[in-house]
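Engineer: Predicted model follows, preceded by the sequence.
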Amino acid sequence: MKESYIRLIQYLLAAVIVVAIAFHLQLFSSLIGPGYIKAQTWEEVASRMDNPFYDGVYAVLLFTVLTHAFIGVRNVLFEFITSRVGRVVTSWTLFIIYVIILLLGIAEIVASAS
């Protein structure tokens, strides 16, 4: 994949993250949300895990933040790794770590819903 496409994906994910975090904070802890009026109890927070809407919000946040972060780490490492083989090994290593973390996160979201 060309670097310009990867950079574009990272920028688009940054915009999605900003919107998702703003939405998350608005619902749960902003000046308008319930977190400002009174502190939310553990039961209120845990009860969200039964709602598929919140599972979707958490999945979107997990995917966008994780993808954005790994592209950023890859870009930083590429500043120091100049060989083609080193970059390929780095990309595949990061991709494998990314998939493992993503699957673990999704497994937690699915497990909490059941």
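Structural biologist: The structure has been received and is ready for your questions. If you're wondering where the values come from, they're calculated on a predicted model, not measured in any experiment. Numbering: from 1, shown residues only.
Engineer: The residue of the chain most remote from its centre and residue 103: what is the separation?
Structural biologist: Within the chain, the residue lying farthest from the chain centre (CA atoms, centre = their mean) is residue 83, at 29.4 Å. Noted for residue 83: a distance of 30 Å to residue 103, by CB to CB, to the nearest Å. For the C-beta atoms, the positions are set from N, CA and C on the backbone; glycine is no exception.
Engineer: count of residues packed around residue 13?
Structural biologist: Counted with other CB atoms under 10 Å, the neighbours of residue 13 add up to 20.
Engineer: Do you know the pLDDT at it?
Structural biologist: For residue 13, the pLDDT comes out at 90.
Engineer: Nearest residue to residue 60 in space, ignoring adjacent ones along the chain?
Structural biologist: Excluding the flanking residues, the one nearest residue 60 by CB to CB, 6 or more residues apart in numbering is residue 20, at 5.7 Å.
Engineer: Point me to the helix or strand that includes that neighbour.
Structural biologist: Assessed by DSSP states H and E, residue 20 sits inside helix 3-28.
Engineer: returning to what we had before: tell me the contacts of the residue nearest to residue 60?
Structural biologist: By CB atoms under 8 Å, 6 or more residues apart in numbering, residue 20 lies in contact with 57, 60-61, 64.
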